[in-house]
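Asks: Build me a model:
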Amino acid sequence: MNRRESFGRETRVSAVPPSLRRRFGGGEIIAGHAAVFFNVADPGTEYQLFTDCVERIRPGAFDAAISRDDVRGLFNHDSNLILGRNTAGTLRLSVDARGLRYEIDPPDTTVAADLIESLSRGDVTGSSFSFVPTRTTVEEVMRSDGSWRYVRWIDEVELYDVGPVTFPAYKSATSGVMTEADVNAARADINRRRTGRVCGSGAARDLDLVNVTLAWMAADIASTPPLPPPPPAPRRAPDAFTRKALADIARMTAAR
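Replies: A predicted model of the protein is given here:
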């Protein structure tokens, strides 16, 4: 599957602060969690997509990517600010109970030296990853008050880059932020499913499409104008039997 043709490229930001560690033989290692898995005990591990629809990252979503994909370590997702690369051995990716973890051996460059200084001062406090979702699931979940919302699960991804970022704007300690482009990409994913352009077959696929359609309706119902009232039904001329019956009723009424 060509990742650029399947879904749009998206980013998420984790506010889990990156850290610096001394490596054997001198120098620093930049380490952090680029993504966090959903944890039912931590509401901050889900991302608000739009009204009544959230996104969660499922454990296992990165298992294939970390051994398959050619991933860069970047600062602020800027390809000019490269810090490492997994195929070069200067970026190491792993998965733990919390999420997707990275370790970078930064190069001897001005960019890396400046970033290390900013990390040590606490000026840079977030991490992020850039990805394409290659497999997603949408399900309906009931809230404690009986209302419904819809969850987009990220089940599998292709990974582009990970690394520190300046603005982990989401308020929760372990969660993320989406740009307008990310929201549009998620909507496009849901729209593809809603219109049937999605892999899979059988009853599970049908149920998924129903759930996606309901999610789309819930997200857009507030902006949908009400339908105009239907036109009155045309009056039909009475047939001969009805005309005779009406005439008989009129004569009986007049006789009284």
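Asks: The nearest residue to residue 47 once chain neighbours are set aside: how many residues sit nearby?
Replies: Closest residue to residue 47 apart from its sequence neighbours, by C-beta to C-beta, 6 or more residues apart in numbering: residue 55 at 4.3 Å. All C-beta spots, glycine's among them, are computed from the backbone N, C-alpha and C. Residue 55 has 23 neighbours, counted by other C-beta atoms under 10 Å.
Asks: And the one 4 residues further on, by the same measure?
Replies: Taking other C-beta under 10 Å as the neighbour definition, residue 59 ends up with a count of 13.
Asks: That one contacts residue 39, doesn't it?
Replies: No: if you go by C-beta atoms under 8 Å, residue 59 and residue 39 don't touch, sitting 9.7 Å apart.
Asks: Give the full set of residues in contact with residue 64.
Replies: residue 156 (C-beta atoms under 8 Å, 6 or more residues apart in numbering).
Asks: The residue nearest to residue 48 when sequence neighbours are not counted pairs with what?
Replies: Closest residue in space to residue 48, ignoring its immediate chain neighbours: residue 54 at 5.6 Å, by C-beta to C-beta, 6+ apart. Beta bridges link residue 54 to residue 48, residue 151 when assigned by DSSP bridges.
Asks: what sits against residue 54?
Replies: With contact set as C-beta under 8 Å, 6+ apart, residue 54 has these partners: 46-48, 149-152.
Asks: What degree of burial does the nearest residue to residue 75 once chain neighbours are set aside show, as a neighbour count?
Replies: Excluding the flanking residues, the one nearest residue 75 by C-beta to C-beta, 6+ apart is residue 81, at 4.1 Å. A total of 18 residues lie near residue 81 under the criterion other C-beta under 10 Å.
Asks: What distance do you get for residue 81 to residue 35?
Replies: To residue 35, residue 81 is 20 Å away according to C-beta to C-beta, to the nearest Å.
Asks: Likewise for residue 17?
Replies: With C-beta to C-beta as the criterion, residue 17 and residue 35 are 14 Å apart.
Asks: Over to residue 47?
Replies: Distance from residue 47 to residue 35, by C-beta to C-beta: 10 Å.
Asks: Between the two, which is the more surrounded one?
Replies: More crowded of residue 47 and residue 35, by other C-beta under 10 Å: residue 35, with 28 against 23.
Asks: right, and the helix or strand after the lowest-mean-pLDDT helix or strand in the chain?
Replies: Least confident helix or strand, the chain: helix 3-6 with a mean of 38, by mean pLDDT, DSSP states H and E. Next helix or strand after helix 3-6 toward the C-terminus (DSSP states H and E): strand 10-14.
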